[in-house]
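K.L.:
Fold the stuff below for me.
(3 chains)
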Amino acid sequence: MLVKTRSTALLGWATGLTLGLTAFLALFVSPADVNQKDAVRLLYLHVPTAWLAMYVSFGVTSLASALYLWPRTRSRTWDLVAGASAEIGVVFLGLTLLVGSIWGRTTWGVWWTWDARLTTTAVLFVLYLGYLAVRRVVADPDVAAKRAAIVAIAAFLDVPIVHKSVEWWRTLHQPASLFDERRLLDPRITGVMLGTLLLAVVSFTLLYAWLLVHRFRLAWLEDQAADRRMEVALAERHAEAVLADEPPPAPAPATRATLEPTS
Amino acid sequence: MTDVAYIAAGYGLTAAVLGAYTTWVITRRRALARTLGLDGPSKRPE
Amino acid sequence: MWRDAALVAGKDLRVEARSRVGVNQVVPFALLVLVLFAFALDSDREVLAKVGPGLFWVAVLFAALLGIQRSFVIEADDDARDALRLSGLDGAGIFLGKAGAVAVQLVVLEVVLAVGVVVLYDIHLRSPVLLLLTCVAATVGLAAAGTVYGIIAAGLRVRDTLLPLLVLPVLAPVLLAAARACDAALAGAPSDGWPWVRLLAVFATVYVTFGVVAFGALLEES
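P.N.:
Numbers count the residues shown, from 1 in each chain, chains lettered A, B, ... in the order given. Have a look, this model is predicted:
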């Protein structure tokens, strides 16, 4: 599946290069925004991590979970992919919240605000932390995998509801705030800024893919290690049982000889 | 804090977190591979 | 399926009636939460009246957590869960029964809390239809989603601390919607509240369906 180390290395180099180029463009080449000034440079980090985490990463987790639950496609691989993708998603989402918070401090003057998107993102973050917590509980691996997959699906079902409810909450009685993030990410931005943003998205996507490959391998190895520990434990238990069942030594031949009639 | 400092903090934090996570994944994978004597998945594991 | 549900619900409610944990512990706990909020918010009359609906639903949410945990604790003794699995009862029926029992207990709690909120926070109830439907929709959603996560957590050893972490983010929209709907009702603007009730209905439908479909499989695994 994700075997060839050479293509992975290639992916890694591509990731590093595009990320470096993005950082260069974002920090030195692209212009400061009319409204936000230099703070816009943080958005080149914040937007890609948000999109990658919410749509790609958790989408993959949900899909892999569904594939694991579906009897015809059930395979340990899907469970491992789901877990790996979720972990990367949580890291990205955490970064989204961190960088977003710093950006908010720069533009709005506050570290946090109960804006619809931020709130939904925060709830999503905790939802997937819960998913990771379920994966970590020690239990029969198949049981744990099945439950984790169900948690992933249940979380996935909740996301649109959370999103919708929070959106209503923030817009029903309050006009769209001046600091609406969407307004600042005007799709009519052009030129260098758009190019940088697109490059940023591409480079973070590559980063996600590269991390997924490595995290999956790690998960697979951990799985193997757990299996091996189980085998060792079973072998030890078996050895103990055999020793306990050993029959007492056979009667000494001398006894039989004494019973034999002398000819 | 000036704007530049915030931006530096943002980029620095991102780099640090991603770097730490990447390092953790790769280091642990190498360590486990060595212990188990394996190279990684060579076929679809069941 | 419905007959199985009634059987299981009846069993759970009978257990509750005999042990009286809900009446003796959960309801007082919820009332205590209301009182503590008054302490925390400096018992300013206007503030309490304003945040009353939100506090009401927070108290219900915490009490629901206790109710759900209890719903599965009673199965843990004497291998009752195995008996449940082997009983031949339909998984969906068991889900509906357990969720139903939790819902009934929540309704009783809500009635008591409503009295508490009216008395302690000096709130005047208006738009009763909206309030009633909000409570029904929210309760069904809480019970259904809670029961699904309850069985997930019940099979794993760290049940007690895991359940809140898993289920509270999921129930967050219920808290939000129910509180806003009640806000609208008490402010005499019920038209603002109906969209929230619709959201609660969607949530309830999603999680009841999910529970009916998934519960059998989950029960097998524990």
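K.L.:
Look at residue 28 and say how many residues are nearby.
P.N.:
Picked chain A for this. 8 (other Cβ atoms under 10 Å in any protein chain shown). To be clear about C-beta, it is placed using only N, CA and C from the backbone, and glycine gets the same treatment.
K.L.:
let's do chain C instead
P.N.:
11.
K.L.:
How about the one 5 residues further on?
P.N.:
Neighbouring residues of C:Val33 were enumerated by other Cβ under 10 Å; the total is 19.
K.L.:
Then A:Leu67?
P.N.:
18.
K.L.:
do the same with A:Glu240
P.N.:
10.
K.L.:
for chain B, what spans make up the helices?
P.N.:
Secondary structure of chain B (DSSP state H): helices located at B:3-36.
K.L.:
So which residues on it come close to chain C?
P.N.:
For chain B, no residue is in contact with chain C (Cβ under 8 Å from any Cβ of the partner chain).
K.L.:
tally of neighbours for A:Ser75?
P.N.:
A:Ser75: 15 neighbours (other Cβ under 10 Å).
K.L.:
Likewise for C:Ala49?
P.N.:
When neighbours are counted by other Cβ under 10 Å, C:Ala49 comes out with 15.
K.L.:
Over to A:Arg237?
P.N.:
By the criterion of other Cβ under 10 Å, A:Arg237 has 10 neighbours.
K.L.:
now swap in the one 5 residues further on and tell me
P.N.:
Other residues within reach of A:Val242 by the criterion other Cβ under 10 Å amount to 9.
K.L.:
Which secondary structure elements does the one helix or strand it maps to sit against?
P.N.:
Here A:Val242 sits within helix A:191-245, counting by DSSP states H and E. Applying 3 or more Cβ pairs under 8 Å, 6 or more residues apart in numbering or on different chains; DSSP states H and E, one finds that helix A:191-245 contacts helix A:5-24, helix A:40-51, helix A:76-107, helix B:3-36.
K.L.:
can you pull the buried residues of stretch B:8-22?
P.N.:
For stretch B:8-22, the neighbour count (16 or more other Cβ atoms under 10 Å in any protein chain shown) marks B:9-11, B:14, B:17-18, B:21-22 as buried.
K.L.:
Please tabulate the residues you listed in JSON lines, including the columns pLDDT and distance to A:Gln224.
P.N.:
Listed next are the buried residues of stretch B:8-22 as JSON lines, based on pLDDT from 0 to 100; distance: Cβ to Cβ, whole Å:
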{"residue": "B:Ala9", "pLDDT": "87", "distance to A:Gln224": "40"}
{"residue": "B:Gly10", "pLDDT": "87", "distance to A:Gln224": "39"}
{"residue": "B:Tyr11", "pLDDT": "88", "distance to A:Gln224": "37"}
{"residue": "B:Thr14", "pLDDT": "90", "distance to A:Gln224": "32"}
{"residue": "B:Val17", "pLDDT": "91", "distance to A:Gln224": "28"}
{"residue": "B:Leu18", "pLDDT": "91", "distance to A:Gln224": "27"}
{"residue": "B:Tyr21", "pLDDT": "92", "distance to A:Gln224": "22"}
{"residue": "B:Thr22", "pLDDT": "91", "distance to A:Gln224": "22"}
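K.L.:
Following the chain past the helix-or-strand element of chain C with minimal mean pLDDT, name the next helix or strand.
P.N.:
Sorted by mean pLDDT, DSSP states H and E, the helices and strands of chain C end with helix C:80-86, the least confident at a mean of 68. As assigned by DSSP H and E, the chain's next helix or strand after helix C:80-86 is helix C:91-121.
K.L.:
Let me see the mean pLDDT of that next one.
P.N.:
For helix C:91-121, the mean pLDDT works out to 87.
K.L.:
which helices and strands does whichever helix or strand comes after that helix pack with?
P.N.:
Once helix C:91-121 ends, the next helix or strand along the chain (criterion: DSSP H and E) is helix C:128-154. With contacts taken as 3+ Cβ pairs under 8 Å, 6+ apart, helix C:128-154 sits against helix A:141-172, helix C:45-76, helix C:91-121, helix C:159-186, helix C:190-221.
K.L.:
for those helices, which one ends up most surrounded?
P.N.:
Among the helices and strands packed on helix C:128-154, helix C:159-186 has the highest mean neighbour count (mean count of other Cβ atoms under 10 Å in any protein chain shown), at a mean of 23.
K.L.:
What parts of the stretch 1-150 of chain A come near chain C?
P.N.:
A:123, A:126-127, A:129-130, A:133-134, A:137-139, A:143-144, A:146-147, A:150.
K.L.:
For those residues, point out the one with the lowest pLDDT.
P.N.:
A:Val138 (65).
K.L.:
Secondary structure element holding C:Leu36?
P.N.:
helix C:27-40.
K.L.:
Now that helix: buried residues?
P.N.:
Neighbour-count burial for helix C:27-40 [16+ other Cβ under 10 Å]: C:27, C:30-31, C:33-34, C:37.
K.L.:
closest to chain B among the residues you listed?
P.N.:
C:Phe37 (36.6 Å; Cβ to the nearest Cβ).
K.L.:
show me what contacts that closest one?
P.N.:
C:48, C:51, C:55, C:58-59 (Cβ atoms under 8 Å, 6 or more residues apart in numbering or on different chains).
K.L.:
in chain A, which residue is closest to the centre?
P.N.:
The centroid of chain A falls nearest to A:Ala86 when counting by Cα atoms, centre = their mean (2.0 Å).
K.L.:
Now that residue: closest residue in space that isn't a chain neighbour?
P.N.:
Leaving aside its sequence neighbours, A:Ala86 sits nearest to A:Thr61 (Cβ to Cβ, 6 or more residues apart in numbering or on different chains; 4.4 Å).
K.L.:
Please verify my assumption that that neighbour contacts A:Ser85.
P.N.:
Yes - with contact defined as Cβ atoms under 8 Å, A:Thr61 counts as touching A:Ser85 (4.6 Å).
K.L.:
To what extent is the nearest residue to A:Arg147 once chain neighbours are set aside buried, counted in neighbours?
P.N.:
Nearest residue to A:Arg147, sequence neighbours excluded (Cβ to Cβ, 6+ apart): C:Ile152, at 5.2 Å. By other Cβ under 10 Å, the residues close to C:Ile152 number 26.
K.L.:
Contact partners for C:Ile152?
P.N.:
A:134, A:147, A:150-151, C:166, C:218.
K.L.:
one more time with 7 Å
P.N.:
A:147, A:150-151, C:166, C:218 (Cβ atoms under 7 Å, 6 or more residues apart in numbering or on different chains).
K.L.:
number of nearby residues for residue 30?
P.N.:
By default, I'm working from chain A. 20.
K.L.:
sorry, should have said chain B
P.N.:
Quick note: B:Arg30 (other Cβ under 10 Å) scores 12 neighbours.
K.L.:
re the thing from before, can the buried residues of stretch B:8-22 go into JSON lines with extra columns for distance to A:Phe28?
P.N.:
Shown next, in JSON lines, are these (distance: Cβ to Cβ, whole Å):
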{"residue": "B:Ala9", "distance to A:Phe28": "17"}
{"residue": "B:Gly10", "distance to A:Phe28": "15"}
{"residue": "B:Tyr11", "distance to A:Phe28": "12"}
{"residue": "B:Thr14", "distance to A:Phe28": "17"}
{"residue": "B:Val17", "distance to A:Phe28": "22"}
{"residue": "B:Leu18", "distance to A:Phe28": "20"}
{"residue": "B:Tyr21", "distance to A:Phe28": "26"}
{"residue": "B:Thr22", "distance to A:Phe28": "24"}
